[in-house]
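J.: Give me the fold of what follows.
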Amino acid sequence: MTRSSPDGSLGQALPPNGGAIGIRMFENGTGYVWAGGGDSNYLATTIDSGASWDVVRDAVDGGGSELTSTSWLDPINAYAIRWRSSFGYDLVVSDDGGKSWSALARWPRK
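T.: The predicted structure follows:
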């Protein structure tokens, strides 16, 4: 995967110290790219199958966190493993296309 799209929007939204670490595309033309590097970004394409990209969530949870793995059930619902510099890893869920994430479990438990 390249760090840019034809209009340049994908490359501009990726953090310079991370880059794209995953992609999920759906038959309806919706797709997601997530980028790492300590300040995760989530980008989405809708209807046009990747011709244009928009930032869905910039620096997940305000920075200092990274979605290291994501599993999409459909274009709206997803689970992810999130690393946070403040405490480690947790399992998170989104039911709004990646705009917000809620913790389900955390480890190591303290």
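
J.: use CA for all of it now, contacts and neighbours both
T.: Fine.

J.: Give the rounded mean pLDDT of stretch 68-88.
T.: For stretch 68-88, the mean per-residue pLDDT is 85.

J.: what do you get for stretch 44-55?
T.: 78.

J.: First-to-last residue distance for it?
T.: 6 Å (CA to CA, to the nearest Å).

J.: And for stretch 72-90?
T.: End-to-end distance (CA to CA), stretch 72-90: 17 Å.

J.: Mind listing what's buried along it?
T.: 72, 75, 78-84, 89-90 (16 or more other CA atoms under 10 Å).

J.: Need the residues that contact that stretch.
T.: The contact list for stretch 72-90 (CA atoms under 8 Å, 6 or more residues apart in numbering) reads 24, 26, 30-31, 64-71, 91-98, 103-108.

J.: Can you tell me which of those residues are buried?
T.: For those, buried by 16+ other CA under 10 Å: 30-31, 65-68, 70, 91-95, 97-98, 106.

J.: Would you quantify the distance from I23 to F87?
T.: Distance of I23 to F87, computed by CA to CA: 26 Å.

J.: correction: G31
T.: 30 Å.

J.: And the strands in this structure, which stretches?
T.: Secondary structure of the chain (DSSP state E): strands at 19-25, 31-36, 41-45, 54-57, 65-72, 78-84, 88-94, 102-107.

J.: Leaving out the residues flanking it, which one is nearest to I21?
T.: A35 (5.3 Å; CA to CA, 6 or more residues apart in numbering).

J.: Distance check, that neighbour against L67.
T.: A35 is 8 Å from L67, by CA to CA.

J.: Now D95, what are its backbone angles?
T.: phi -120, psi 20 (degrees, to the nearest 10).
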